[in-house]
Structures are given as C-alpha cells and as structure tokens.
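A.B. asks: only geometry, no sequence info:
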C-alpha cells in the first residue's frame, strides 16, 4: 500500500492499479480508436514492467454493438436495445483488448460483472479470488458491466463506480479514471476562470457541488458526478483515486510525468468487510434515527430500536439498509437484524418492551456495529 500520496506521480508506486476507460475515449462514430488504444496498451505494459499489476475497466461494448446493429441513439434508446448492443459489442471489445495487449506479450482476460455480483458477499469473494488468480498468473483482467443481462434494477449504470468496487475486490491501491477533461474543476471547465483542483481530501458536499452530471459525448452513462461517487467509495476503502485526461496518446505516462489531474486521497482504511458494506449501492430500505442515536453511531455503537423514528421500504432480515438522520443526511449503512415490518413494530421501543411487540425474544440490536459502516 502506498503510505503517502502527495501527487499523481506517487500512483506509479501503487502495487495494484485499476484503469477505467470510457466509451467516448475508446469509440468514435461507432469505430474503435485503434491507434489510441495501442498507445494505452503501451502504457499498461510499461506499468506491468515497472512491477504494477493492472486491471482495466472498459466501457464501449454498447457503442460498438449499436454501430454493428445500426441501432438508434447509440443503442441506448431502450433497455432491450442496450442489451442487444452489448451482446454484440462485448465480442468486439474483448477482441480489441486482446489484440492491443497481446502486441506487448500481455494476456487479456475478460470479466463481466453485474451489480449483484459485488453486492452479494459470497459472489464478491468469488470475484475477488478470480482477480487474485489472474493477476498472479500475469494476465490483465478487462472488466465491464454485463449489460446484456443487467436490468435497470440490478446495474451499476456507470463504470466509474464499477471501477471503485472492482478496486476493492481486486485489492488495489489506486484507481485511474480516464476522462475527457484534465480532472475536477471548481466549476464547469468551460466557464472563464475555472480552476483545476489538484488534490481532494475527502469528497464532501462542497466538492460534489463542483460536478456536472452531464456526459459530453453522449456515449457514456456518467459524468463528473459519477466520478465523485466513485471517489467516495474508494476513499472509504483506503484506496486513492485519480481523474486524468485520457484524450491524449499514452495518457497514463503523460499524467504521471506531468502531474496533471485530480488526486483523491484515501481518508481511512476500513476493514475488508466494512469497505464492502460501505461500497454497496443497492440498499433495500431506510431507517431514520434521532440525534442521540446518530451521535452514538459515530462513537462506534450499534443501532438500537429506541433510536429509530421511521422505517421506509420493504426489506428482510439481513438486507442492506441506509441510516439517515432527522434532516435526511446519510449517517451509515449496514445489515439489518429485522424485517421492515418488525422494525416498524419496535421502533422507538426500549429492549424490555420489544419482546411483547414482536412475540419473540428481541435481538441485541437493529444493526450490530460489526455489520455497520459510517458514511
């Protein structure tokens, strides 16, 4: 693990690096930018020669497949179009990466993931084991969301957040998100006087306000907002994340040499289980807690029923839920020990009154501190 990250150049010392490539960089008018991809493959090969192990998270399947199927709106006119385009495009995308990396004697391995593959703990650990074995064997895993089967309810929706989750599963130290701008600006970079933010110590509301959610190319599914969401996931897991300009040839080498980009420093290194919990993206419900309960959670306490003031959503025991304060601010998330119906029955009640309401002996907590992570 990199101990101190003062600049982008320090990412060259990361043991494992995730490189995310967006559709607009890889595909132009339905065709792959082969020369640019060749230069990126040279960068990746150079990183491997320097001792780093690299995982690629690559978009582009839908854009490539839509062009071959002649689908309108780049294949994003409907879910059915996107799934069909992805089915065709994944073959083309895998071939492009295999050829580009193969030119440097590097073996490419394809991994297609859905949201549930990284939300379910057992499947997450299976994916982690696959990453470990591929990297040990010297391959470069090329990851994409499995858009041919993912639905709106079970998809990441952008590969920025997927890259941050893959970084956790692959045990990476750093993530590089290749963008069409130099990094995060303090306002829309097209505005006069916009300044590049070179380093961020924690993504808070002020930082989020700097982002634009628009994707300038029309090909991708995210903009700066999704990149900041990815940075939040990464920093919580003790992983550095950088946004660099990917429009140039050899973008990684260029960014490392010039130091141009935005570096998001890791804020804390949670345990592996807490990092997984904090990075999960599909909570089934929301528990609202009073001010005293919120303060107690911040000191490491479990969530008790007495502090719950409202329950939203329908969930079962063991499902992920979000914990919010009275103003709606997210406080934590974790695995609930009760169903939504039982939570409603005992919310606000002291433990000695819970058994009568439930009809069985109550559990020690609504969310035990071992299954809870602060946000």
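C.D. replies: In hand now; what should we look at? Treat the numbers as computed from the prediction; the structure is a model and nothing was measured.

A.B. asks: What's the end-to-end length of stretch 175-184?
C.D. replies: End-to-end distance of stretch 175-184 (CA to CA, to the nearest Å): 15 Å.

A.B. asks: Count the neighbours of residue 300 for me.
C.D. replies: A count of nearby residues for residue 300, using other CB atoms under 10 Å, gives 9. (Each C-beta comes from the backbone N, C-alpha and C, glycine too.)

A.B. asks: Check the secondary structure at it for me.
C.D. replies: In three-state terms, and counting by DSSP: H, G, I helix; E, B strand; the rest coil, residue 300 is coil.

A.B. asks: Not counting residues beside it along the chain, what's closest to it?
C.D. replies: residue 369 (6.0 Å; CB to CB, 6 or more residues apart in numbering).

A.B. asks: Can you read off the pLDDT for that neighbour?
C.D. replies: Per-residue confidence at residue 369 stands at 87 (pLDDT).

A.B. asks: Name all residues that make contact with it.
C.D. replies: Contacts here follow CB atoms under 8 Å, 6 or more residues apart in numbering; on that basis residue 369 touches 300, 301, 302.

A.B. asks: let's see 10 Å
C.D. replies: Shown in contact with residue 369 (CB atoms under 10 Å, 6 or more residues apart in numbering): 296, 297, 299, 300, 301, 302, 303, 332, 334.

A.B. asks: mind pulling up the phi and psi values for it?
C.D. replies: Here is the backbone geometry of residue 369 (degrees, to the nearest 10): phi -60, psi -30.

A.B. asks: next one: the one 3 residues further on
C.D. replies: Per-residue torsions, residue 372: phi -130, psi 140 (degrees, to the nearest 10).

A.B. asks: From what I see, it and residue 298 are in contact.
C.D. replies: No. Counting by CB atoms under 10 Å, residue 372 stays clear of residue 298, with 11.1 Å between them.

A.B. asks: Next, show the common contact partners of the two.
C.D. replies: 331, 332.

A.B. asks: Settle it for me: which of these two has more neighbours?
C.D. replies: Here residue 372 and residue 298 are compared on neighbour count by other CB under 10 Å; more neighbours surround residue 372, at 25 against 11.

A.B. asks: How about the contacts made by that one?
C.D. replies: Applying CB under 10 Å, 6+ apart, the residues contacting residue 372 are 274, 277-278, 297, 300-303, 321, 323, 331-336, 365-366.

A.B. asks: From those, which land in strands?
C.D. replies: Among the contacts of residue 372, the members falling in strands are 321, 323, 331, 332, 333, 334, 335 (criterion: DSSP state E).

A.B. asks: Show me which of the residues you listed is closest to residue 341.
C.D. replies: residue 321 (13.4 Å; CB to CB).

A.B. asks: what about the closest one, neighbour count?
C.D. replies: For residue 321, the neighbour count with other CB under 10 Å is 26.

A.B. asks: Tell me who's in contact with it.
C.D. replies: Going by CB under 10 Å, 6+ apart, residue 321 touches 283-287, 303, 311-313, 315, 332-336, 338, 340, 343, 366-367, 372.

A.B. asks: Got the domain ranges for this structure?
C.D. replies: Annotated domains of the chain cover 8-275, 283-374 [automatic domain parsing].

A.B. asks: for the helix of greatest length in the chain, what is the average pLDDT?
C.D. replies: The longest helix of the chain (DSSP state H) is helix 79-102. Averaging pLDDT along helix 79-102 gives 95.

A.B. asks: mind listing what's buried in it?
C.D. replies: Buried residues in helix 79-102, counted by 16 or more other CB atoms under 10 Å: 81-90, 92-94, 96-98, 100-101.
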